[in-house]
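Asker: Pasting the sequence and the predicted model now:
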Amino acid sequence: MKDILIKSILDSMNGDTAYLTDMWEDCLDDKRKRYARNKFSIVLEKMEEFGYLKKQGYKTEITFTKLEFTDAADHIGFFNNIIFTNEAFIKKSLKKLDSKKIFIDISKDLNSQKFNKLILKDYDLFIKSVTSMLELSSIILLTIENTDDVELKKELKSCFKQIKEFLDETNEILMKFRGSNERIVLQRILNNRIPKPGCLKI
């Protein structure tokens, strides 16, 4: 996975509304190459989830329209809803992770395909929810940097602190009583999903 700048996605629109195809063609990585189209579409869905865009149309006629919060309270409420939803999913998933050893069969092979399938099948919700929280943190830092609203900055800093504390607690629970190989594998997965500020994972 690599990072994609939120700004580069928005800049690819050349207006308030744009076709998915046009955005994909105009949004290039740092090597001036296009992203894989299916992955780019998934990132646009994330942009919709985080309140940046609204999707309309179907197949070749899909368009995205920029959205903007005009009220700080609505903005914070929207972010808090994402936080609470993901916290619930993570807590539910942690119960499964705590209930059994999940890496016994792969202790000698950290790149085991069996492990990858196991994670994707049984812990997809956990990984997705943690990724969403990490990406929301990235968005919060970007918003803090670009807003002049003092009250919004204050509330966003509180949201950021809440996410960090929750993920720190989650990590502690996840790593507790795990063997060294288990910890290495889990940490690799989690570290690979931490985006740079102002970026999403693609």
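Answerer: That came in fine, so what should we check first?
Asker: Where do the strands of the protein begin and end?
Answerer: Secondary structure of the chain by DSSP state E: the strands cover 3-5, 17-19, 53-56, 63-66, 199-201.
Asker: So this structure: which segments form each domain?
Answerer: Domain ranges of the chain: 3-66, 72-201, per automatic domain parsing.
Asker: centre of the chain versus the shortest one, how much separation?
Answerer: In other words, domain 3-66. 16 Å (C-alpha atoms, centre = their mean, to the nearest Å).
Asker: who does the helix ranked longest in the chain touch, helix- and strand-wise?
Answerer: In the chain, taking DSSP state H as the definition, the longest helix is helix 72-99. Judged by 3 or more C-beta pairs under 8 Å, 6 or more residues apart in numbering; DSSP states H and E, helix 72-99 is in contact with helix 124-146, helix 150-175. In short, each C-beta sits where N, CA and C put it, glycine included.
Asker: Report the angle between it and helix 150-175.
Answerer: Angle between the axes of helix 72-99 and helix 150-175 is 0 degrees (criterion: axes from the mean of the first three to the mean of the last three C-alpha atoms, to 10 degrees).
Asker: How much space separates Arg34 from Ile4?
Answerer: 11 Å (C-beta to C-beta, to the nearest Å).
Asker: what's the answer for Asn181, then?
Answerer: Distance of Asn181 to Ile4, given as C-beta to C-beta: 32 Å.
Asker: With Asn192 instead?
Answerer: 15 Å.
Asker: ok, these two, which is more surrounded?
Answerer: More crowded of Asn192 and Ile4, by other C-beta atoms under 10 Å: Ile4, with 23 against 12.
Asker: so what's the residue nearest to that one when sequence neighbours are not counted up against?
Answerer: Nearest non-adjacent residue to Ile4, counting by C-beta to C-beta, 6 or more residues apart in numbering: Ile202, 4.4 Å away. By C-beta atoms under 8 Å, 6 or more residues apart in numbering, the contact list for Ile202 reads Met1, Lys2, Asp3, Ile4, Tyr35, Lys39, Phe40, Ile42, Val43.
Asker: PyMOL command to pick out the buried ones of these?
Answerer: To isolate the buried ones among these in PyMOL, judged by 16 or more other C-beta atoms under 10 Å, type:
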select buried, resi 3+4+35+40+43
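Asker: what's the closest of the contacts of Ile202 to Ser12?
Answerer: Of all the contacts of Ile202, Phe40 has the smallest distance to Ser12: 9.5 Å, by C-beta to C-beta.
Asker: Quick check, the closest one in contact with Trp24.
Answerer: Yes. Phe40 lies in contact with Trp24 (C-beta atoms under 8 Å); the separation is 5.0 Å.
Asker: what touches both of these two?
Answerer: In contact with both Phe40 and Trp24: Arg34, using C-beta under 8 Å, 6+ apart.
Asker: starting at the chain centroid, how far to stretch 65-85?
Answerer: That offset, for stretch 65-85, works out to 16 Å (C-alpha atoms, centre = their mean).
Asker: Contacts for that stretch, please.
Answerer: For stretch 65-85, contacts defined as C-beta under 8 Å, 6+ apart pick out 10, 13, 16-17, 49-54, 56, 132-133, 136, 140, 143, 149, 151-152, 155-156, 159, 162-163, 166.
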